[in-house]
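Q: here is a sequence with its predicted model. Questions after.
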Amino acid sequence: MKRALLFLLFVPALTLAGQGSGLTLDDAVATGLAQSRTLRASAARAAAAEARAGEARTASLPVVKGEASYRRLSEVDPFQIQLPGSPKPIVISPVVLDNTAFRVSLQQPLFTGFRISNSIEGAERGAEAAGLDNTNDKADMVLAITSSYWSLYQMREVERFAGENVTRLERYLADARKLMEAGLLTRNDVLKIEVQLSNARLGRIDAENDARLAAMNLNTLLSRPVDMPVELLSQPSAETLQTRPATDSLTRSALGSRADLQAWRTRVEASRAGVRAAQAGWWPQLALSGSYMYARPNSRIFPVKDEFKGTWDVGVALTMDLWNWGLTARQTEAAEAALRQQEYLAAQMEDVVALDVNRASLQVDRAGQRADVAAIILGQAEEQSRTTEQRFKTGLATATDLLDAEVSLQQAKTTRSGARVECEIARARLTRALGAGMP
């Protein structure tokens, strides 16, 4: 029974561990977007901006306040008069020592020189910009995860190539020792292969370490334990991006769809609303107010009586700054300067977007060309390595020839794998530059 219980507890743990280690690129992106603390902070900033917009909207609504108070007064002589012929004075207003009051008041702005409406518009545009920032942060995260995923893939390939290189050199060394025993090679030739094998083993150690670091980096982006095993299930596409629209067309598309550029444009609109809100100081302010007071005694009722009485009032107030030492003018100037700053930054962002698109487009072209050439080089290096190994076994090639062919093959494999990974990352960067495929 005890063993069965341990088995039931152990098997689900293994299942979950297996599910957590295997990752396609889509799985990695989905996990990163769901678990990223950076994106959660970005979403919190967007939520805070939306809350500030809601706060600004409340300024146009009536405000109702309630008040309650109690006071105990010191004893004083009552207000009274003494009439001729009257034995006792007549009390006009008695003294009430316990004062209790309840008051409900309402205030409703009627006209604020468009300050409230423009403040609401500015806050709403700010919330919209914060939401676009969150979208942009998601796109950045997608690119970072994609780049990290393929970088890990490349490090794993380099690690694999390094292991294959060690295996081949061990085979070469065994063949060389046999040839030396047969008198076909010198001890110096064998030493060359031994040195190369030692260097290859050092390279394998470095490759294994680089692969572990790349896995840690990907796990960090996915908010997973850094030492969690990662099994990559996706492979680079064998096809290069041969045809796509002209760069000018891509740039126009990016200018209309990039979330970061839209955020800057939205901030420009928010700044324009801020200028109009600052200019509200030139206008009069009109507000409606009213209240109801239930008090004992009620100070509005004369003579004073020690009993609860209710009274109300309604009024309209008009105020206007006749002279404020240029405060409104300075506030307007500051708002206009902030608007110009946002306009310049938005224009600069358009230049940045155009540069991103052109650079990403060139990287895609370069990556495709490198991948095509790297495939040819790899085929040549494999053929050279095969023929050189055959010639070496028959004594027609030296150890130097064999090692040169081995180095060329190793470099060709690494270059070919790197070119395929570069194509994937270049595609992802072009997608990011265009603002397409954003979550």
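A: Yep, it's here.
Q: tell me which stretches of the stretch 51-200 of the chain form strands.
A: Assigned by DSSP state E, counting those that start in this stretch, the strands in the stretch 51-200 of the chain fall at 63-72, 79-81, 90-93, 98-111.
Q: deepest-packed of the ones you listed, please.
A: Greatest average neighbour count among the strands of the stretch 51-200 of the chain goes to strand 98-111 (a mean of 14), per mean count of other C-beta atoms under 10 Å. In this view, the C-beta of every residue, glycine as well, is placed from N, C-alpha and C.
Q: which strands and helices sit next to it?
A: strand 63-72, strand 285-296 (3 or more C-beta pairs under 8 Å, 6 or more residues apart in numbering; DSSP states H and E).
Q: give me the residues contacting it.
A: Strand 98-111 has contacts (C-beta atoms under 8 Å, 6 or more residues apart in numbering) with 59-73, 116, 283-297, 306, 308, 316.
Q: and if you look at stretch 29-44?
A: Taking C-beta under 8 Å, 6+ apart as the rule, stretch 29-44 contacts 23, 133-134, 137-138, 141-142, 144-146, 221-224, 439.
Q: farthest pair within these?
A: Greatest spatial distance in the contacts of stretch 29-44: 23 and 133, 27.7 Å, computed using C-beta to C-beta.
Q: hmm, residue 73 is touching residue 297, no?
A: No. The criterion here is C-beta atoms under 8 Å, and residue 73 misses it with residue 297 at 10.7 Å.
Q: identify the contacts common to those two.
A: What both residue 73 and residue 297 touch, as defined by C-beta under 8 Å, 6+ apart, is the set 96, 99.
Q: looking at the two, which has the bigger crowd around it?
A: residue 297 (22 against 10; other C-beta atoms under 10 Å).
Q: contacts only, for the more buried one.
A: 96, 99, 304-307, 309.
Q: distance to residue 264 and mean pLDDT for the strands of the stretch 51-200 of the chain - can I get that in a markdown table?
A: Shown next, in a markdown table, are those (distance: least, C-beta to C-beta, whole Å; pLDDT from 0 to 100):
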| stretch | distance to residue 264 | mean pLDDT |
| --- | --- | --- |
| strand 63-72 | 35 | 94 |
| strand 79-81 | 70 | 75 |
| strand 90-93 | 68 | 74 |
| strand 98-111 | 32 | 94 |
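Q: right, and the helix or strand after whatever helix or strand residue 332 lives in?
A: Residue 332 is part of helix 327-393, with elements assigned from DSSP states H and E. As assigned by DSSP H and E, the chain's next helix or strand after helix 327-393 is helix 399-434.
Q: what number of residues lie near residue 326?
A: Neighbours around residue 326, by other C-beta under 10 Å: 10.
Q: where in the stretch 201-350 of the chain is pLDDT low?
A: Within the stretch 201-350 of the chain, the ranges that satisfy pLDDT under 70 run 239-244.
Q: ok, residue 208 touching residue 159?
A: Yes. Counting by C-beta under 8 Å, residue 208 does reach residue 159; the two are 5.5 Å apart.
Q: have a look at those two and say which one is more surrounded.
A: Using other C-beta under 10 Å, the more surrounded residue of residue 208 and residue 159 is residue 159, with 21 against 16.
Q: which non-adjacent residue is nearest the more buried one?
A: Ranked by C-beta to C-beta, 6 or more residues apart in numbering and with sequence neighbours excluded, the top spatial neighbour of residue 159 is residue 207, at 4.2 Å.
Q: the one you found: which element?
A: Going by DSSP H and E, residue 207 is part of helix 187-221.
Q: what angle sits between that helix and helix 327-393?
A: Angle of helix 187-221 versus helix 327-393, following axes from the mean of the first three to the mean of the last three C-alpha atoms, to 10 degrees, is 150 degrees.
Q: got the buried residues for helix 187-221?
A: Neighbour counts over helix 187-221 (16 or more other C-beta atoms under 10 Å) mark 189-190, 192-193, 196-197, 200, 203-204, 207-208, 210-212, 214-219, 221 as buried.
Q: just to revisit the earlier point, among the strands of the stretch 51-200 of the chain, which comes closest to residue 229?
A: Closest among these, once you apply C-beta to C-beta, is strand 63-72, at 59.4 Å.
Q: what sits up against that closest one?
A: 97-108.
Q: and the gap between residue 131 and residue 274?
A: 19 Å (C-beta to C-beta, to the nearest Å).
Q: so which of these two has more stuff around it?
A: Using other C-beta under 10 Å, the more surrounded residue of residue 131 and residue 274 is residue 274, with 25 against 21.
Q: what's the helix or strand hosting the more buried one packed up against?
A: Under the criterion of DSSP H and E, residue 274 resides in helix 259-278. Contact partners of helix 259-278 among helices and strands, from 3+ C-beta pairs under 8 Å, 6+ apart: helix 115-181, helix 327-393.
Q: single out the most deeply packed of these.
A: Compared across the helices and strands packed on helix 259-278, helix 115-181 shows the largest average neighbour count, a mean of 20 (mean count of other C-beta under 10 Å).
Q: so how far is that one off the chain centroid?
A: Here helix 115-181 is found 17 Å from its chain centre; the criterion is C-alpha atoms, centre = their mean, to the nearest Å.
Q: ok, stretch 331-339 next?
A: On C-alpha atoms, centre = their mean, the centre of stretch 331-339 falls 29 Å from that of its chain.
Q: now do that stretch: everything it contacts.
A: 268, 271-272, 274-275, 277-279, 281.
Q: mind doing that once more with 6 Å?
A: Where contact means C-beta atoms under 6 Å, 6 or more residues apart in numbering, the residues beyond stretch 331-339 that reach it are 271-272, 274-275, 278-279.
Q: gap between residue 410 and residue 379?
A: 15 Å.
Q: I meant to write residue 99 there.
A: 101 Å.
Q: what residues does the spatially closest residue to residue 434 that is not a sequence neighbour make contact with?
A: Excluding the flanking residues, the one nearest residue 434 by C-beta to C-beta, 6+ apart is residue 254, at 4.8 Å. Residue 254 sits next to 353, 357, 434-435 when contact means C-beta under 6 Å, 6+ apart.
Q: just the closest of these to residue 258, please.
A: Closest to residue 258, out of all of the contacts of residue 254 and judged by C-beta to C-beta, is residue 435, at 3.8 Å.
Q: check the closest one and give its pLDDT.
A: You'll see residue 435 listed with a pLDDT of 87.
Q: residue 258 is in contact with that one, correct?
A: Yes. With contact defined as C-beta atoms under 6 Å, residue 435 counts as touching residue 258 (3.8 Å).
Q: looking at these two, which is more packed in?
A: Taking other C-beta under 10 Å, residue 435 and residue 258 do not tie; residue 258 has more neighbours (27 against 23).
Q: quick one: stretch 284-296 to chain centroid distance?
A: The answer for stretch 284-296 is 47 Å, by C-alpha atoms, centre = their mean.
Q: same deal with stretch 267-282?
A: Distance, stretch centre to chain centre, for stretch 267-282: 28 Å (C-alpha atoms, centre = their mean).
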